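K.L.:
Kindly return the folded structure for what I paste below:
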Amino acid sequence: MMGNTEDAQDALQEAFIKTYDTLHRFDLRRPFGPWFFQILRNQCRDMLRSRKAKFRMEVVDETIEQRPADAERGPERANQRNDARAVPWKGLERIGTEHREILVLKELEGFRYGEIAQILEIPEGTVASRLYHARHALREALVEMNVEYP
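P.N.:
Got it, this is the predicted structure:
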C-alpha cells in the first residue's frame, strides 16, 4: 500500500506500537492476524493521507552472477526479468486505493475472504465483488500499458 520499502517499514513499526498500546482491547476469541492487519491498514492510510503521498513502487534490483556463456543469466536477461517483475506494480499504481488494497490482501498476502472481510470491515460478499472489480481495473490498467496478459 505504501509503495516503497522505507514507508512500509515505518508504517509497520508504527502499527506494532499501536498494537502493543491497544493489546488490552484485543478479543482473545478472535484471530490476531486480521485484527493486526486492520491496525496496519489504518496506519498506512493515515500516513498516506497525512503526507498526501503519491503511490510509487520501487523495484529492488536482483544481483545475478554473470556467466557470459549463458545468455539466460546475463545482464540483458536480468534487466528483462526486473522489468517483467515491475509491470504488475506499475499496473497497481494506476488503479484506485480500494482496488489496490483488496488485491494486495488477497493476492500478495494470501488472506481468505473471511479474513479480508474482517480487516476491511465489510461483508464477505462485498469482498468477492470488490475483488472482481479490482481485477478488472488492473487488467484495464495493464491493457492501457500495452501489456499482454493470459
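
K.L.:
Please pull out the lowest mean pLDDT helix or strand from this structure.
P.N.:
In the chain, the helix or strand scored least confidently by mean pLDDT, DSSP states H and E is helix 75-94, which has a mean of 65.

K.L.:
Any buried residues in the helix or strand that that helix is followed by, and which?
P.N.:
Downstream of helix 75-94, the next assigned helix or strand under DSSP states H and E is helix 97-103. Across helix 97-103, burial judged by 16 or more other C-beta atoms under 10 Å covers 99, 100, 101, 102, 103. C-betas here are computed from N, CA, C, even on glycine.

K.L.:
how about the residues you listed in a markdown table, adding distance to residue 121 and pLDDT?
P.N.:
A markdown table is the format used below for the buried residues of helix 97-103 (distance: C-beta to C-beta, whole Å; pLDDT from 0 to 100):
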| residue | distance to residue 121 | pLDDT |
| --- | --- | --- |
| 99 | 17 | 89 |
| 100 | 18 | 87 |
| 101 | 12 | 86 |
| 102 | 13 | 89 |
| 103 | 18 | 89 |
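
K.L.:
so where's the chain uncertain?
P.N.:
Residues of the chain that meet the criterion pLDDT under 70 lie in 3, 51-87, 148-150.

K.L.:
Swap in 90 and give it another go.
P.N.:
For the chain, the stretches with pLDDT under 90 are 1-8, 30-31, 33-35, 37-38, 41-42, 44-111, 115, 118-121, 138-139, 141-150.

K.L.:
Show me where it has its helices.
P.N.:
Ranges of helices in the chain, per DSSP state H, are 5-21, 32-51, 75-94, 97-103, 113-120, 124-144.

K.L.:
ok, the buried residues of helix 97-103 vs residue 126, which is closest?
P.N.:
Using C-beta to C-beta, residue 102 is the member of the buried residues of helix 97-103 that sits closest to residue 126, with 9.6 Å.

K.L.:
Thanks again, I'm all set now.
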